[in-house]
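Chemist: what shape does this take:
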Amino acid sequence: QVQLVESGGGLVQAGGSLRLSCSASTRTWRTTVMGWFRQAPGKAREFVALADWSGGHTMSANSVQGRFTMSGDSAKNTMYMEMSSLKPEDTAVYYCAAGSVLSRLEIDYNYWGQGTQVTVSS
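Modeler: Sure thing, here's the model as predicted:
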């Protein structure tokens, strides 16, 4: 069983930056792709970004392109998401997920973290 632990959330003013981390207890063929999803109050969870551990494949939602960037440290089994130019509409619980396909769909991810809150004040 793979465990994912997110960290780095918090309260930030609009225009600010945060870095989220997702640490995996181990890596298997079922965790070759790491994704971030978020869920704002009263809304469905949505795809944010994904990357494979090689960094050769990345994908992000239109709403965060140019502002959010993923990177990974294979030696630490940790994936990061740098978030800049944050907006109040980025406020949500952010979830890390691990899967084996490059997909924006939740159903394609095998493991999930517990989530970390990001709040952007205006």
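Chemist: from here on, contacts and neighbour counts on C-alpha atoms
Modeler: OK.
Chemist: beta partners of the residue nearest to the spatial centre of the chain?
Modeler: With distances taken as CA atoms, centre = their mean, the residue of the chain nearest its centroid is residue 36 (2.6 Å). Beta-bridge pairing of residue 36 under DSSP bridges involves residue 49, residue 96.
Chemist: contacting residues around it?
Modeler: 47, 48, 49, 50, 94, 95, 96, 97 (CA atoms under 8 Å, 6 or more residues apart in numbering).
Chemist: and residue 60, bridged to which residues?
Modeler: Bridge pairing for residue 60 (DSSP bridges) gives the partners residue 49.
Chemist: for residue 27, see how far away it is.
Modeler: Remark: distance between residue 60 and residue 27 (CA to CA, to the nearest Å) = 22 Å.
Chemist: now do residue 110
Modeler: From residue 110 over to residue 27 (counting by CA to CA), the distance is 12 Å.
Chemist: for residue 67, same thing?
Modeler: Note on residue 67: its distance to residue 27, by CA to CA, is 27 Å.
Chemist: then residue 88?
Modeler: Distance of residue 88 to residue 27, computed by CA to CA: 34 Å.
Chemist: list phi and psi for residue 62.
Modeler: phi -60, psi -30 (degrees, to the nearest 10).
Chemist: please shift the residue numbers so they start at 50 in all later answers.
Modeler: Fine by me, first position is 50 from now on; the one you just mentioned is residue 111.
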